[in-house]
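Undergrad: got a sequence here, can you model it:
(2 chains)
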Amino acid sequence: MVAMIRRYHRWLMLFVGLQFLVWSFSGLYMVLVDIHSIHGEDLVTAKQPVLAPWTEGYQKAKKSTLQSLQQQTRQLISMDINDVLSKYPNASSISLGWLANKPVYRLTSVEAIVIDAITGDVINSISKNLAADIALLSVDGSREIQGVNLITDNPPSEIGFRRLPLWRVDFVGINSPTLYINYTTGEIVTVRQNTWRIFDVLWRLHIMDYYEGEDINNWLLNVFTISGLLAALSGLILLWFRLFKNNPVEHTA
Amino acid sequence: MILKNIHKWVSLVVFIQLFIWMGTGFLLGKVDGNKAAGRDTLVRQSPASFSRFYTNDSVTKGALKSPFVSINALTQQYPLATQIKLGYLFNQPIYKLKIFAGQHNYQASNYKLIDAITGELIDLSSPVLVAKHAMLISAIAKTSTKKNGYAMSSPALLQPPIEELPRERNAVWQVNIDDESQTSVYIRAQTGDVIAHVNDETRWRDLLLMLHFMDYTEQGSFNNWFIKVFALLTLLLSSSGLWWIYRLFKDGQIKLTWFIRNKTVLVRSSETSKGQHLRTSANSSILNSLLTNNISIQAVCGGGGICGTCKFKADVQLAASAADRKHITQSELDLGYRLACQHLIKEVSVIGLDKRK
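TA: Numbers count the residues shown, from 1 in each chain, chains lettered A, B, ... in the order given. This is a model prediction of the structure:
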């Protein structure tokens, strides 16, 4: 019996053994490399500057206490949220946040609109220089930009089905970090770096969906999983024999 | 031999997890992803515009030019705000002030909700909710689901760690709906956002994921030490196994052929004085051929080259494999003794079997 089991184990593993190696190697990578660092959370800073120093009320309060100090001359937010909304009453969402180091209103009406909160000008698109500024201000520490390119068609597969056009900002570095920035709103759409790119490839190998990288119920994976279970079961029986049945008894098939 | 021992002892440690990995991996493929994500019951509210606050009709006469608290007033009161967003909490216009937030919503964050008209702070994270807020949370939960007419529990405030949301690091309100899939609605206390509909399919998926990721401390992560150690051992198991297969090929113990070619060999043993002719596949091992033809031979390990019991005498001087050399003395090797599991039928014409003790 044990000879038969050994034969099954051998032939099944001839078929699935390589995939076992792929599963264990890709799995090891995924569990060893911290998923938050894969997602670029130590690359892009989550901290943003506070808005208050750009507002009049805050500056007035400061002036009264720091009368003698030379005040930093800074252009303040001239448009209140009410001013923006009376101009665009059909907006369904509006926020005051940052575009590089400038406070801006972002609103969703029929389409996304970005308004400079200091001048009140509508910002129609993000220039190449602004995209570079946004990227430099978003990353932790000082980094060097390798290139800034506008993607209008043929998107790289790593950005999936995200809406174009997008600015692609590549940084110098062993991990080749890339930031993708929305051409209209200046928001960071996604980040990629080599640790994530490797993760993506290994994930596809792990789930054996080589094209889409999504379907964890594909027939190839199912065939290998079931064969793998049988192969592991035969291995378990062999292990049992080696551990507990080591006295020389005669076996025939 | 080291290789075979590694393979044995590592498999003893990881075999249960191998079954769990493949079993849960298979079952995860069968999970209804939409249902597990709560997408079949979740209603996404499309936000209403703010136009009704700015209508310049005969009633308001354009009086409402500034219905909302100004940015100036907000930043004076909350100087640490990094982003200010105007939106709705149920149907009440509110400001959502971001003080700090991580890159994922489930990470620890700090938001403040302000009534956009009165400027009052709305604190939904107080464990004893003012009656108004309790009704608000219930209403948010109720309108977030397509399921109507089921009993709903009153909201309960949970602090992390939250059993059904292992990654969540913020306080959440839980409202349980007594429907057939036992949906629990979770609402983040800081923001009033509906963050999850957890149902029985979600719970099943999360159990499978927890087992697949060996996330026994329920951190909602696969970067834990259990799985790191087991993944490393499993890599050792699969690479030692593949190396074993490679050695079998290299030593000529496995031959892949398109057709089965047969060969006749003579088997001599003390039981059959004249010997017995055996017609069998040329590329199968001597041990397997003898066993499948019911010719007795000892083989404790079943052909792994481990036990050294399947000794036979060949008519020619065969190249001795590592296992041959380990189990058979040099003088016996010189006499032509080898292990039957290490050689193929095509290598010999006469197989001599000794009388067993």
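Undergrad: show me what contacts residue A:224?
TA: Contacts for residue A:224 (C-beta atoms under 8 Å, 6 or more residues apart in numbering or on different chains) come out as A:16, A:19, A:208. Heads up, the C-betas are built off the backbone N, CA and C, glycines and all.
Undergrad: now these: which count as buried?
TA: Taking 16 or more other C-beta atoms under 10 Å in any protein chain shown as the criterion, what is buried in those is A:16, A:19, A:208.
Undergrad: closest to chain B out of those residues?
TA: residue A:19 (9.0 Å; C-beta to the nearest C-beta).
Undergrad: right, and that closest one touches residue A:228 too?
TA: Yes - contact criterion C-beta atoms under 8 Å: residue A:19 and residue A:228 qualify, at 7.1 Å.
Undergrad: wasn't residue A:16 part of a helix?
TA: Yes - per DSSP: H, G, I helix; E, B strand; the rest coil, residue A:16 lies within a helix segment.
Undergrad: would you confirm that it contacts residue A:232?
TA: No - counting by C-beta under 8 Å, residue A:232 is not a contact partner of residue A:16; they are 9.4 Å apart.
Undergrad: give the buried residues for stretch A:135-154.
TA: Those buried within stretch A:135-154 under the rule 16+ other C-beta under 10 Å are A:135-136, A:138-139, A:148, A:151.
Undergrad: ok, these vs residue B:126, which is closest?
TA: Proximity of those to residue B:126 was ranked by C-beta to C-beta; the top entry is residue A:138 with 35.1 Å.
Undergrad: what residue ranges in the stretch 251-357 of chain B are flagged as low confidence?
TA: B:271-273, B:355-357 (pLDDT under 70).
Undergrad: tell me where it has helices.
TA: Counting by DSSP state H, counting those that start in this stretch, the stretch 251-357 of chain B has helices at residues B:286-292, B:322-327, B:330-334.
Undergrad: same thing with chain A?
TA: A:2-32, A:35-38, A:56-65, A:81-87, A:128-138, A:194-207, A:219-244 (DSSP state H).
Undergrad: can you confirm residue B:21 is in a strand?
TA: No - applying three-state DSSP, one finds residue B:21 to be helix, outside a strand.
Undergrad: doesn't residue B:212 make contact with it?
TA: Yes - Residue B:21 is within contact range of residue B:212, at 6.3 Å (criterion: C-beta under 8 Å).
Undergrad: more neighbours: the two, which one.
TA: residue B:21 (26 against 20; other C-beta atoms under 10 Å in any protein chain shown).
Undergrad: what are the buried residues along stretch A:179-193?
TA: Per 16+ other C-beta under 10 Å, stretch A:179-193 contains these buried residues: A:179-188, A:190-193.
Undergrad: wait, does it contact chain B?
TA: No - applying C-beta under 8 Å from any C-beta of the partner chain, one finds stretch A:179-193 separated from chain B by no less than 9.1 Å.
Undergrad: tell me which residues are up against that stretch.
TA: For stretch A:179-193, the external contacting residues (C-beta under 8 Å, 6+ apart) are A:39-40, A:43-44, A:99-100, A:104, A:106, A:111-112, A:114, A:123-126, A:130-131, A:134-135, A:138-139, A:150-151, A:158-159, A:162, A:164-169, A:171, A:175-178.
Undergrad: one more: stretch A:24-37?
TA: By C-beta under 8 Å, 6+ apart, stretch A:24-37 touches A:42, A:195, A:198-199, A:202-203, A:205-206, B:21, B:213, B:221-224, B:227-228, B:231-232, B:234-235, B:237-239.
Undergrad: ok, of those residues, which come out buried?
TA: By 16+ other C-beta under 10 Å, the contacts of stretch A:24-37 give A:195, A:199, A:202, A:205-206, B:21, B:213, B:221-223, B:227, B:231-232, B:234-235, B:237-239 as buried.
Undergrad: from the buried residues of stretch A:179-193, which land in strands?
TA: Among the buried residues of stretch A:179-193, the members falling in strands (DSSP state E) are A:179-182, A:188, A:190-192.
Undergrad: what's the farthest-apart pair in those?
TA: The most widely separated members of those, counting by C-beta to C-beta, are A:182 and A:192 (15.2 Å).
Undergrad: can you tell me the closest non-neighbouring residue to residue A:215?
TA: The shortest distance from residue A:215 to any non-neighbouring residue, by C-beta to C-beta, 6 or more residues apart in numbering or on different chains, is to residue A:209 (4.7 Å).
Undergrad: model confidence score at that neighbour, please.
TA: Note on residue A:209: pLDDT of 94.
Undergrad: I appreciate the help and will end here.
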